[in-house]
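**Q** Fold the following and give me the result.
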Amino acid sequence: MKRKTFLKTSSALAMGSLLSPLSCTNKNMNTPATNNSTGITRTNWSGNYAYQAKNLIEPESIDQIPALIKKLDQQKALGTRHCFNNIADSPQNQISSRLLNKIIDIDEAAQTITVQSGTKYGELAPILQERGFALHNLASLPHISVAGAISTATHGSGVTNGNLATGIRALKIVNTQGETISLQRGEENFNGAVVGLGALGFITELTLDIQPTYEVRQDLFQDLPVDSLVENFDAIMSAGYSVSLFTDWLEQKVSQIWIKRRMDQQPEDMDPVFYGARAATRNLHPITALSAENCTEQLGVPGPWHERLPHFKMGFTPSSGAELQSEYFVPYENGVEAYLALQKKASLIHPHLLISEIRTVAADQLWMSPCYKRKCAVFHFTWKPDWENVSRLLPIIEKELAPFKVRPHWGKLFKIPPSTLRGRYPRYNDFVDLTRAFDPERKFKNAYLDLNIY
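**A** Residues are numbered from 1 along each chain as shown. Prediction:
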């Protein structure tokens, strides 16, 4: 079973040109288009989508942003390119945050860190650790930028852990008039702006909550019977600070359980049998047949939070590899029903699947978050790079999850009709009004927003 490999890279950032012309058309989600005159192909991280924006602009300073946004017509902020759809594309211009990656301030008294929008979690985490601090959670991959992650409600796992956007205390956004708008938690419109889908403007700075550092141990178990999962879902998903289940849906078992526990909360060893699953005796990749060389340390060995909460090591970066991703959020109380509904479609899902992950995320108050006012069970699918077949399969999955008012991950692949999608977000109309206030000229609109929001 083929999956993308993880290649070690240095932390140094390559310098890019300030303005790179590009013209491309995306004929197929799996076939990146190429500019015939220049030979340039610019794609997202996995290579399944080719950007159509004519210009890529890489400012070297936050000070350049207001004048740049005011001058340009249609435009879009571009982060680490980890979205699998066209949410970060633009008909004309993309403004990259790649070089805007400075740590601005760590306020130990207020317990906050302020960073530029292009800063990656993998860049800020070691600096926090050195100062004796930590974040509340991290995603599976630490290579994503803070602004990009929070704009799409990207998350880690844990029944008491909100998505990464819930850790934002303040942010600055440059609107289409070139004005810098500062928003603080508790202020009007803050909850509408944090998960902003790139529709409000260009985020320049973010202030995140931090807390005293902590250690985490990671225990893995194999072959959990589905009957045991159904009977003990709450106990299993709350067994650690962060819990992930991995399955290929084909067998009547969950192939792996990853339980990440804080040493200051659950320091004791775990029994070798966990609800019918047996403790792993070696480090594992989520796809059991693959090498775990690039995965974070397992087998109950304690380590710093930032070296255990992600599934993959901070010093490793995924290749622009062969996969597609989809992810669906349902109310936590419907998690078992949703699992059983999807398992009925195992014969359809399995042939196109690399691996599926099931996690939980706490409820939040962020208007466009899939977890708005509901704790969620989350079903992630890493697909083989075959959009033709995956695109036919997604409506089948979405139909099974429809009774639970399923919401998709904004940065991944889905087929839920826009009219249905809008009805599942109670603050949808308020969010549209907010985008009009920030972007009356519609400079930040694109095909994605036209379809799913406007």
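**Q** Whatever helix or strand Glu398 lives in - contacts with which helices or strands?
**A** Following DSSP states H and E, the helix or strand that holds Glu398 is helix 387-401. Secondary-structure packing of helix 387-401 (3 or more Cβ pairs under 8 Å, 6 or more residues apart in numbering; DSSP states H and E): strand 324-331, helix 335-343, helix 346-349, strand 376-383. Using the backbone N, CA and C atoms, a C-beta is placed for each residue, glycine as well.
**Q** what's the closest non-adjacent residue to Thr152?
**A** Spatial nearest neighbour of Thr152, chain neighbours left out: Gly411 (3.9 Å); criterion: Cβ to Cβ, 6 or more residues apart in numbering.
**Q** Give me the pLDDT value at that neighbour.
**A** Here, the pLDDT recorded for Gly411 equals 97.
**Q** Quick check: the residue sitting nearest the centre point of the chain vs Phe233, distance?
**A** By Cα atoms, centre = their mean, the mean C-alpha position of the chain lies nearest to Thr154, the distance being 3.1 Å. Thr154 is 24 Å from Phe233, where distance means Cβ to Cβ, to the nearest Å.
**Q** Would you reformat the helices and strands packed on helix 387-401 as TSV and include mean pLDDT, distance to Ser242 and mean neighbour count?
**A** Formatted as TSV, the helices and strands packed on helix 387-401 follow (pLDDT from 0 to 100; distance: least, Cβ to Cβ, whole Å; neighbours: other Cβ atoms under 10 Å):
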stretch	mean pLDDT	distance to Ser242	mean neighbour count
strand 324-331	97	16	24
helix 335-343	97	16	19
helix 346-349	96	25	16
strand 376-383	97	12	24
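**Q** how about the ones you listed in a markdown table, adding distance to Asn85?
**A** Formatted as a markdown table, the helices and strands packed on helix 387-401 follow (distance: least, Cβ to Cβ, whole Å):
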| stretch | distance to Asn85 |
| --- | --- |
| strand 324-331 | 10 |
| helix 335-343 | 21 |
| helix 346-349 | 20 |
| strand 376-383 | 13 |
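**Q** among these, which is nearest Leu224?
**A** helix 335-343 (11.7 Å; Cβ to Cβ).
**Q** tilt between the closest one and strand 324-331?
**A** For helix 335-343 against strand 324-331, the angle by axes from the mean of the first three to the mean of the last three Cα atoms, to 10 degrees is 140 degrees.
**Q** which residues sit against helix 335-343?
**A** Under the criterion Cβ atoms under 8 Å, 6 or more residues apart in numbering, residues 226, 229-230, 233, 237, 249, 330, 349, 358, 360, 377, 379, 397, 400-401, 403-404, 406 lie in contact with helix 335-343.
**Q** Tell me the gap between it and the middle of its chain.
**A** In terms of Cα atoms, centre = their mean, to the nearest Å, the centre of helix 335-343 is found 22 Å from the chain centre.
**Q** what angle do that helix and strand 376-383 make?
**A** Going by the same axes, to 10 degrees, helix 335-343 makes 20 degrees with strand 376-383.
**Q** Walk me through the domains of the protein.
**A** Annotated domains of the chain cover 103-213+428-452, 215-409 [automatic domain parsing].
**Q** What's the mean pLDDT across the shortest one?
**A** Domain 103-213+428-452 shows an average pLDDT of 96 in the prediction.
**Q** mind listing what's buried in the helix holding Glu398?
**A** For helix 387-401, a neighbour-count test (16 or more other Cβ atoms under 10 Å) marks 387, 390, 393-394, 397-398, 400-401 as buried.
**Q** Also stretch 243-253?
**A** Of the residues in stretch 243-253, those buried (16+ other Cβ under 10 Å) are 243-249, 253.
**Q** For Asp430, give me its contacts.
**A** 192, 367 are the contacts of Asp430 under Cβ under 8 Å, 6+ apart.
**Q** Please tell me how far it sits from Trp367.
**A** To Trp367, Asp430 is 6 Å away according to Cβ to Cβ.
**Q** Which neighbours do the two have in common?
**A** Residues within reach of Asp430 and of Trp367 at once, by Cβ under 8 Å, 6+ apart, are Gly192.
**Q** sorry, back to before: wait, which of the buried residues of stretch 243-253 is closest to Pro440?
**A** Using Cβ to Cβ, Ser244 comes nearest to Pro440 of those, at 42.4 Å.
**Q** Excluding chain neighbours, what is closest to that closest one?
**A** Closest to Ser244 by Cβ to Cβ, 6+ apart is Trp258, at 4.4 Å.
**Q** Which positions are bridged to that neighbour in the beta structure?
**A** Applying DSSP bridges to Trp258 gives these bridge partners: Leu220, Ser244.
**Q** wait, doesn't it sit right on His311?
**A** Yes: taking Cβ atoms under 8 Å as the definition, Trp258 is a contact partner of His311 at 7.2 Å.
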